[in-house]
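**Student:** requesting a structural model of the entry that follows:
(one chain, ligands or ions: 1)
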Amino acid sequence: MLSGSISLERNQPGSILLQIMEKTLIIFKPDCMQKKLMGTVLSRFETAGFSVAGCKMMRLDSPLLREHYAHIADEPFFPNIESFMSSEPVVAMILEGENVIKKVRDLLGPTDSTQALAGTIRGDFGETVMVNVVHASDSSESAVAEIRRFFTDHDYIK
Ligand code: ADP
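**Tutor:** Numbering: from 1, shown residues only. Take a look at the predicted model:
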């Protein structure tokens, strides 16, 4: 399966551990790159136990952004998002781990950085509702679609 797999492991004689491994798509946004925060943020993900399964730097163009943000492409603030997200190259990354989709969203905090608690990535490093450091898939369906959008099958570790 592309976004997740379930495995049963014997961790002790007689007991079985259920592991649900997932993949999620994250993007280190232009503010994160500009402030040289990618290493700091990635370190939080790795410390939480997640692994990098794919990574590429790219400049996001308008058709890709309209597809990626289709759910808000008609909002009056979308032109601002488009110019922010295309202002300089970003890094798209696939992270893998147990329950990674929800746990990464928890590590980020809410969309609006001004509402995010200290200790979350957006609370510590974000500026506004738009300038909020990192994108992360919000569901397993989004993760599958977003990984396909940014990576070919040859580009990442299965
Ligand atoms: P999230 O990225 O937390 O999943 P959304 O999918 O709702 O949030 O929005 C995508 C991105 O669009 C946000 O991360 C943020 O950069 C930007 N955004 C969302 N809402 C607004 C808003 N009201 N004004 C400006 N930018 C916004």
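**Student:** so which strand or helix has the residue nearest in space to the middle of the chain?
**Tutor:** Here the mean C-alpha position of the chain is nearest to the C-alpha of Ile26 (Cα atoms, centre = their mean), at a distance of 2.0 Å. In the assignment (DSSP states H and E), Ile26 maps to strand 15-28.
**Student:** show me what that strand is packed against.
**Tutor:** strand 4-12, helix 38-47, strand 90-98, helix 100-108, strand 134-136, helix 140-150 (3 or more Cβ pairs under 8 Å, 6 or more residues apart in numbering; DSSP states H and E). Just so you know, the C-beta spots here come from the backbone N, C-alpha and C atoms, and that holds for glycine as well.
**Student:** can I get the third one in CSV, CA atoms only?
**Tutor:** By that I understand strand 90-98. Below are the C-alpha coordinates for strand 90-98, written out as CSV (Å, rounded to 0.1, in the frame of the first residue of the first chain):
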residue,chain,number,x,y,z
VAL,A,90,10.6,24.8,-1.0
VAL,A,91,11.5,21.3,0.1
ALA,A,92,8.9,18.5,-0.3
MET,A,93,9.5,15.5,1.9
ILE,A,94,7.9,12.1,2.7
LEU,A,95,8.0,11.2,6.4
GLU,A,96,7.3,7.6,7.5
GLY,A,97,6.4,6.2,10.8
GLU,A,98,3.7,4.9,13.1
